[in-house]
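Take this sequence and fold it.
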Amino acid sequence: MTPAPTKTAKIGVLLVNLGTPDSPDVADVRRYLGEFLMDPRVIDIPAAARWALVHGIILRTRPRKSAAAYREVWGERGSPLRYHGLDLVAGLRDRLGPRVADVALAMRYQNPSIRSALEAFADRAIDDVVVVPLFPQYSQAAWASAYDEVVLQAGRLRNVPTLRFVPPFYDHPAFLDAVAVVAEPALARFGPERVLMSFHGLPNTHIRRSDASGGDHCLRGVGCCEAIQEVNRFCYRAQCFATARGIAKRLRLSEGMFEVTFQSRLTRNWIEPFTDVRLAQLPAEGVRRVAVLCPSFVADCLETLEEVGLRAAASFTEAGGDELLAVPCVNADPAWVSGLAQILAEREPLLATLAEARPSGAAH
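Purely as a prediction, here's the structure:
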């Protein structure tokens, strides 16, 4: 008879990020993009049309281009998104203590998978899981998709664990403080003339579908995202602006010193203003030194390191700018480890007791 597993921790903490290919090889990138783009939360069109678009058009050319971009940021430790996530797991384990909480990283797409993380918790008799989608702002394409997959995979286990989800933390002081701690010294050394807070873009249709008014508020006027209200409480764009305001306040940036922009657009029917367009315009306006923060990401990845740090920087100088600084994400900075522990403590009483008992790991 197989002995019962020893329960070494009472709570599992599952950190979920978007995903990364297993390698920068074209085949692995194609497999990753295929899984990502076939998600109906990402491309929300009828299944047959989505299959034709993804397999008939996008996957014929995109994997080779994306593989070349991944090779630009792939390091000795592999994918930055993965190793920064694993470093965060290690820091959080140390912060919370292994006897009370076990921490695991999972990716919505590819590896390490959500299913494997939940099975590992089950093998260790951990049936109480706090899930942290590592997306500060809510979107159906990221936060909601991660929620769907965790619930789906948990439901496939023989013994379904108890799940509790940490909500989007776009305006949580612990997150905003951590961004400021990382950004402030970088900005002080660089001395930018303008700071862009560049968030990942989304189709306009995704924003309109989150409008609780039924379509009368979101993207209907220039001031629709100036404050979080009942009608736009799920609006990704409004939450991005709220994040930017909170960071700017902590960095003491005046209203004219920073801008909010959106990157990674696929068509013109995505939320504006566009990061690439503004970077091309700024040198003509006399702005020659620009710093870019990417506060929709908690870990540096293809979009921050290659899209902003390499391509956007080159485009900015070609347009007449002198230098662009890509400010690092919070990654596994001690300030973010402590901040995330605080966010978790507010959701789980046992973790709150532990967080108070253990010294802070912040080094800033």
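
and the closest residue in space to residue 47 that isn't next to it in sequence, what pLDDT?
Of all residues not flanking residue 47 in the chain, residue 40 sits nearest, at 7.1 Å (Cβ to Cβ, 6 or more residues apart in numbering). C-betas here are computed from N, CA, C, even on glycine. pLDDT for residue 40: 96.

Next: residue 221.
At residue 221, pLDDT is 85.

again, but for residue 182
We note a pLDDT of 98 for residue 182 in this prediction.

tell me the SS of it?
helix (DSSP: H, G, I helix; E, B strand; the rest coil).

count of neighbours near residue 14?
28 (other Cβ atoms under 10 Å).

my read is it is in a strand, agree?
Yes - Residue 14: assigned to a strand according to three-state DSSP.

circling back: wouldn't the residue nearest to residue 47 be in contact with residue 50 here?
Yes - counting by Cβ atoms under 8 Å, residue 50 is a contact partner of residue 40 at 6.9 Å.

Looking at these two, which one has more neighbours?
Shown here are residue 40 and residue 50; by other Cβ under 10 Å, residue 50 has more neighbours (17 against 13).

which stretches of this structure form helices?
With DSSP state H as the criterion, the chain has helices at 26-37, 47-53, 59-73, 80-96, 114-123, 145-155, 173-190, 204-209, 236-251, 275-281, 313-318, 334-347, 349-357.

could you give the mean pLDDT of the fifth one?
Confidence for helix 114-123, expressed as mean pLDDT, is 97.

Tell me the buried residues in that helix?
If you call a residue buried by 16 or more other Cβ atoms under 10 Å, then helix 114-123 has these buried ones: 114-115, 117-118, 120-122.

quick one: low-confidence ranges for the chain?
Along the chain, the parts satisfying pLDDT under 70 run over 1-9, 350, 352-364.

ok so, going back, out of the helices of the chain, which comes closest to residue 267?
Shortest distance between residue 267 and these, using Cβ to Cβ, is found for helix 204-209: 9.4 Å.

Which strands or helices does the closest one pack on?
In this structure, helix 204-209 packs against helix 236-251, with contacts taken as 3 or more Cβ pairs under 8 Å, 6 or more residues apart in numbering; DSSP states H and E.

Sort out which residues of the helix it packs on are buried, please.
With burial defined by 16+ other Cβ under 10 Å, the residues of helix 236-251 counted as buried are 236-248, 250-251.

Equivalent analysis for stretch 305-315, please.
Under the neighbour-count criterion of 16+ other Cβ under 10 Å, stretch 305-315 has 305-309, 312-313 buried.

swap in stretch 43-63?
Residues of stretch 43-63 classed as buried: 43, 50, 54, 58-59, 62-63 (neighbour count, 16+ other Cβ under 10 Å).

And the contacts of that stretch?
Residues outside stretch 43-63 that contact it (Cβ atoms under 8 Å, 6 or more residues apart in numbering): 26-27, 29-30, 33-34, 37-38, 40, 140, 205-206.

one more time with 6 Å, if that's ok
With Cβ atoms under 6 Å, 6 or more residues apart in numbering as the test, stretch 43-63 has contacts from 26, 29-30, 33-34, 37-38.

now swap in stretch 11-20 and tell me
With contacts defined as Cβ under 6 Å, 6+ apart, stretch 11-20 is touched by 79, 81-82, 85, 101-110, 117, 121, 126, 128-134, 146.

Strands - which of the residues you listed land there?
Judged by DSSP state E, the contacts of stretch 11-20 include 101-110, 128-133 as members of strands.

picking that back up, from residue 148, how far off is the residue nearest to residue 47?
From residue 40 over to residue 148 the distance is 9 Å, taken as Cβ to Cβ, to the nearest Å.

now residue 223
Distance from residue 223 to residue 148, counting by Cβ to Cβ: 33 Å.

So between these two, which is more surrounded?
Using other Cβ under 10 Å, the more surrounded residue of residue 223 and residue 148 is residue 148, with 15 against 7.

Distance of that one relative to residue 174?
In terms of Cβ to Cβ, residue 148 sits 26 Å off from residue 174.

Could you do residue 100 as well?
Separation of residue 100 from residue 174 (Cβ to Cβ): 19 Å.

swap in residue 136?
Taking Cβ to Cβ, one finds residue 136 at 11 Å from residue 174.

One more: residue 336?
8 Å.

Wait, residue 192 touches residue 292, no?
No - if you go by Cβ atoms under 6 Å, residue 192 and residue 292 don't touch, sitting 9.0 Å apart.

With neighbour numbers in mind, choose between the two.
Shown here are residue 192 and residue 292; by other Cβ under 10 Å, residue 292 has more neighbours (24 against 21).

If the more buried one is in a bridge, with which residues?
Note on residue 292: beta-bridge partners by DSSP bridges are residue 196, residue 326.

which residues touch it?
196, 198, 308, 326.

Closest one of those to residue 89?
Nearest to residue 89, judged by Cβ to Cβ, of those is residue 326 at 24.2 Å.

Looks like the closest one contacts residue 309 (just checking).
Yes - assessed by Cβ under 6 Å, residue 326 is found in contact with residue 309 at 3.8 Å.

about what we covered before: export the contacts of residue 292 to JSON lines and append columns for distance to residue 320.
JSON lines is the format used below for the contacts of residue 292 (distance: Cβ to Cβ, whole Å):
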{"residue": "196", "distance to residue 320": "16"}
{"residue": "198", "distance to residue 320": "19"}
{"residue": "308", "distance to residue 320": "18"}
{"residue": "326", "distance to residue 320": "19"}
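
Any buried residues in stretch 224-231, and which?
By neighbour count on 16+ other Cβ under 10 Å, the buried set for stretch 224-231 is 224-225, 228, 231.
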